[in-house]
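Student: Give me a model of this one.
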Amino acid sequence: QVLSGALSGDLGKYGLKSPWADEGVAVALGAEYRRESLQFFSDVSFQTGDLAGQGAPTLPVSGSFDVTEFFGEIRIPVVQESFIHEFSITGGYRYSDYSTGATTDTYKIEAQLAPVRDITFRGGYNRAVRAPTVQDLFAPQRVALDGNTDPCAGHTITNTAADAGCRAQGLSIGQNVVANPASQYNGLIGGNPNLVPEVADTYTVGVILTPGFLPGFSASVDYFDIKLTGAIQGIGADTILNVCNNTADPFFCGLINRDASGSLWRTSGGFVTDLSQNIGGLSTKGIDVNANYSREIGSIGRASLSFVGTYLDELITDTGLAAAGSFDCAGLYGSNCGTPSPEWRHQARLSFDMPNGMGASIRWRYFAAVDQDTTSSNANLSGATQPANLQIPAQSYFDLALTWKVGDHYDFRLGANNLFDREPPLVGSPACPAGTCNGNTFAQVYDALGRYIYAGVKLEF
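Tutor: Next up, the predicted model:
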C-alpha cells in the first residue's frame with residue numbers, strides 16, 4: 001500500500017537563477033508512506049518436506065512493516081551556452097523512518113560539465129540503502145540446503161594438523177564421514193527481526209563524446225566504484241566450514257552441528273548455522289562503455305551500430321570477520337563465488353533499415369572466460385575442485401532479427417536468438433552450486449535454450 005505526494009517547480013520564475021544560465025533552479029519536494037505485508041501459507045506436504053526434490057520444509061511466513069519518507073531534489077544550472085557550453089549541479093535527500101525502529105538518510109550530489117558541445121564530463125556520489133524485506137525479517141528459521149562442500153567428508157580423520165578443524169567439530173580420529181554425491185549440505189537459515197538497512201556508497205566519473213565532425217556518433221565511458229556495508233546475509237556455510245577447517249577457530253567450528261553419524265546432509269540434525277545478519281559487505285569497481293553510430297547510406301537506407309560493454313575490475317565479498325577475510329570473484333565462478341562474473345562482457349548490434357520499411361539486425365553477445373574459484377590463491381575459496389571445469393571458456397551468441405513495416409498499420413517481425421544453436425557450458429559438482437547453477441549450467445548468464453525462433457505481426461487500427 002502506497003500513499004505519496006510531490007510538489008515541483010521552477011524557481012527561475014521568481015528570480016532564482018544563475019546570471020550565466022537561461023533556466024532557473026528547479027526543485028521537487030514530497031512525502032511517501034508505504035506498508036508492505038506478506039502472508040504465505042504452505043500445505044502440510046510442504047511444511048513436512050515430503051515432496052521429492054523439495055530439499056527442506058517450506059514453512060509459512062507472515063509479517064509486515066511500514067515506512068514514512070520525506071524527500072527533496074534540486075537542480076542548479078550554473079552555466080548554459082555562455083563562456084562554457086554547460087555546467088550544472090544536481091542534489092537529492094531522502095529521510096526514511098521504518099516501523100522496525102530503523103531510520104535512514106540517503107542523499108546524492110552530481111555534476112555535469114561541458115566545456116564545449118562535443119564533450120561532457122560527469123561525476124557523482126550517491127548514498128543508498130536497502131531495507132530488509134518481509135522475508136529477511138520474518139522468514140522462519142529452518143534447516144535447508146545451504147552449502148556445497150564439506151572438507152571433512154570423504155576421508156578418514158587423522159591425528160594430524162590438517163584435520164585439526166575436523167576434530168574441533170567433534171569428529172573423532174579414524175572416523176570417515178560420507179560425502180554427499182550431489183555436493184549439497186544443510187544449513188540453518190532464516191529471518192532476523194533485528195536486521196537494519198544495509199548501506200551503499202557509489203562513486204562515478206565519466207565522459208560523453210558527441211563530436212560535431214562525426215554526425216550520428218556518441219560514446220560514453222564511466223568508471224564506477226560501489227561499496228556496500230552491513231550487508232543482509234549469512235556468513236556462508238562454505239566459508240564457515242573452510243575457515244574452521246583451516247584455522248580450527250572455535251567461533252566458526254561452533255557454528256557446525258554434525259548429526260550422530262558426523263554428517264551435514266543425511267539428517268536435519270546435521271547443519272551449519274548460517275542465519276541472516278548485518279555483516280560484512282560487497283564492493284565492486286569497473287568501467288562501462290557505450291557507443292552508438294548511425295548514418296544514411298545514400299538512398300538505400302540507414303545503417304546503425306551500437307555497443308555496450310562492461311569491464312569488471314573487482315567484485316569483492318567481505319565476510320565481516322577477521323578470521324574469514326574477503327575474496328574477489330571477478331573472473332571467477334564456483335561453489336563460493338556462485339554465478340560466473342566475467343571480467344569483460346558486451347553486446348554489439350549492427351542494423352540496417354531501408355526506405356521501403358524492411359530492416360535487419362544482428363546482435364553479438366559475448367562473455368569472457370571465467371576460472372573455477374578453487375583455482376584462486378585466496379584461502380577462502382579453497383575446497384573441492386571439479387577438474388573437468390577449471391575454466392568456462394569465452395562464450396559468444398549471435399541473434400538475427402528481420403522487420404518489415406507495411407503501410408501505416410502492419411509491422412512484421414521474424415528472428416532467431418542463438419542463431420548458431422550454441423550449447424551452454426555444462427558444469428559438474430561441486431563447481432555447480434545449488435541455487436545459482438541449475439541443470440548443470442548457469443542459465444542467468446549463458447543461453448540454456450538453444451536456438452529460439454520467433455515470428456509476429458502487429459496491427460494498428
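
Student: for the lengthiest strand in the chain, packing partners?
Tutor: Longest strand in the chain, counting residues (DSSP state E): strand 61-80. Other helices and strands packing on strand 61-80, by 3 or more Cβ pairs under 8 Å, 6 or more residues apart in numbering; DSSP states H and E, are strand 26-40, strand 86-98, helix 134-138. The C-beta positions use only the backbone N, C-alpha and C, and glycine is treated the same way.

Student: What angle do strand 26-40 and it make with each other?
Tutor: If you take axes from the mean of the first three to the mean of the last three Cα atoms, to 10 degrees, strand 61-80 sits at 170 degrees to strand 26-40.

Student: Rebuild the helices and strands packed on strand 61-80 as a markdown table, extending it with mean pLDDT, distance to residue 284 and mean neighbour count.
Tutor: Shown next, in a markdown table, are these (pLDDT from 0 to 100; distance: least, Cβ to Cβ, whole Å; neighbours: other Cβ atoms under 10 Å):
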| stretch | mean pLDDT | distance to residue 284 | mean neighbour count |
| --- | --- | --- | --- |
| strand 26-40 | 96 | 28 | 14 |
| strand 86-98 | 97 | 23 | 17 |
| helix 134-138 | 92 | 22 | 18 |
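
Student: Format the ones you listed as CSV; extra columns: distance to residue 449.
Tutor: Below are these laid out as CSV (distance: least, Cβ to Cβ, whole Å):
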stretch, distance to residue 449
strand 26-40, 30
strand 86-98, 41
helix 134-138, 29
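
Student: and residue 299, which of those is closest to it?
Tutor: strand 86-98 (36.4 Å; Cβ to Cβ).

Student: Could you export that closest one as CSV, CA atoms only?
Tutor: The C-alpha trace of strand 86-98 is given here as CSV (Å, rounded to 0.1, in the frame of the first residue of the first chain):
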residue,chain,number,x,y,z
GLU,A,86,27.1,23.8,-19.8
PHE,A,87,27.7,23.3,-16.1
SER,A,88,25.0,22.1,-13.7
ILE,A,89,24.7,20.5,-10.3
THR,A,90,22.0,18.1,-9.0
GLY,A,91,21.4,17.1,-5.4
GLY,A,92,18.9,15.0,-3.5
TYR,A,93,18.0,13.9,0.0
ARG,A,94,15.5,11.3,1.5
TYR,A,95,14.7,10.6,5.1
SER,A,96,13.0,7.3,6.0
ASP,A,97,11.5,6.1,9.3
TYR,A,98,10.7,2.4,9.5
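
Student: got a list of contacts for the helix or strand that it is followed by?
Tutor: Following strand 86-98 in sequence order, the next helix or strand is strand 103-116 (DSSP states H and E). Identification of contacts with strand 103-116 by Cβ atoms under 8 Å, 6 or more residues apart in numbering yields 84-98, 120-129, 131, 197, 199.

Student: so where's this structure uncertain?
Tutor: Within the chain, no stretch has pLDDT under 70.

Student: Identify the residues contacting residue 253.
Tutor: 165, 168, 169, 244.

Student: bridging residues for residue 256?
Tutor: residue 272 (DSSP bridges).

Student: which residues touch it?
Tutor: Neighbouring residues of residue 256 by Cβ under 8 Å, 6+ apart: 169, 240, 241, 244, 264, 272, 273.

Student: quick revisit: most neighbours of all the contacts of residue 253, which one?
Tutor: Within those, most neighbours by other Cβ atoms under 10 Å means residue 244, with 26 neighbours.

Student: Which secondary structure state is assigned to that one?
Tutor: Following DSSP: H, G, I helix; E, B strand; the rest coil, residue 244 is assigned to helix.

Student: so it touches residue 170, yeah?
Tutor: No - the pair residue 244 / residue 170 is not scored as a contact, 11.3 Å apart, by Cβ atoms under 8 Å.

Student: Show me where the stretch 101-250 of the chain has its helices.
Tutor: With helices called from DSSP state H, counting those that start in this stretch, the stretch 101-250 of the chain shows them at 134-138, 164-168, 237-247, 250-253.

Student: wait, which of those helices is closest to residue 334?
Tutor: Closest among those, once you apply Cβ to Cβ, is helix 237-247, at 9.8 Å.

Student: Show residues contacting that closest one.
Tutor: Contacts of helix 237-247 (Cβ under 8 Å, 6+ apart): 146-152, 165-166, 168-169, 185, 187, 249, 252-253, 255-256, 272-274, 319, 321, 323-324, 335-336, 379-380, 382-383.

Student: Keep only those of those that are in strands.
Tutor: 146, 147, 185, 187, 256, 272, 273.

Student: Could you give the number of residues near the nearest residue to the second one once chain neighbours are set aside?
Tutor: This means residue 147. Nearest non-adjacent residue to residue 147, counting by Cβ to Cβ, 6 or more residues apart in numbering: residue 237, 3.2 Å away. Using other Cβ under 10 Å, residue 237 has 26 other residues around it.

Student: need the strands for the stretch 251-400 of the chain, in chain order.
Tutor: 256-257, 271-273, 277-278, 281-297, 301-318, 326-328, 332-333, 344-353, 358-367, 370-372, 391-392, 395-406 (DSSP state E, counting those that start in this stretch).

Student: Reformat those into a markdown table and put distance to residue 176 next to each item.
Tutor: Formatted as a markdown table, these follow (distance: least, Cβ to Cβ, whole Å):
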| stretch | distance to residue 176 |
| --- | --- |
| strand 256-257 | 17 |
| strand 271-273 | 20 |
| strand 277-278 | 34 |
| strand 281-297 | 38 |
| strand 301-318 | 32 |
| strand 326-328 | 30 |
| strand 332-333 | 30 |
| strand 344-353 | 44 |
| strand 358-367 | 41 |
| strand 370-372 | 26 |
| strand 391-392 | 32 |
| strand 395-406 | 40 |
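
Student: Residue 64: which of these is closest?
Tutor: Between the strands of the stretch 251-400 of the chain, strand 277-278 lies closest to residue 64; by Cβ to Cβ that is 20.6 Å.

Student: List only buried entries from the ones in strands among the contacts of helix 237-247.
Tutor: By neighbour count, with 16 or more other Cβ atoms under 10 Å, those hold 146, 147, 185, 187, 256, 272, 273 as buried.

Student: Throw these into a markdown table and include distance to residue 17, thanks.
Tutor: Formatted as a markdown table, these follow (distance: Cβ to Cβ, whole Å):
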| residue | distance to residue 17 |
| --- | --- |
| 146 | 58 |
| 147 | 60 |
| 185 | 64 |
| 187 | 59 |
| 256 | 65 |
| 272 | 61 |
| 273 | 60 |
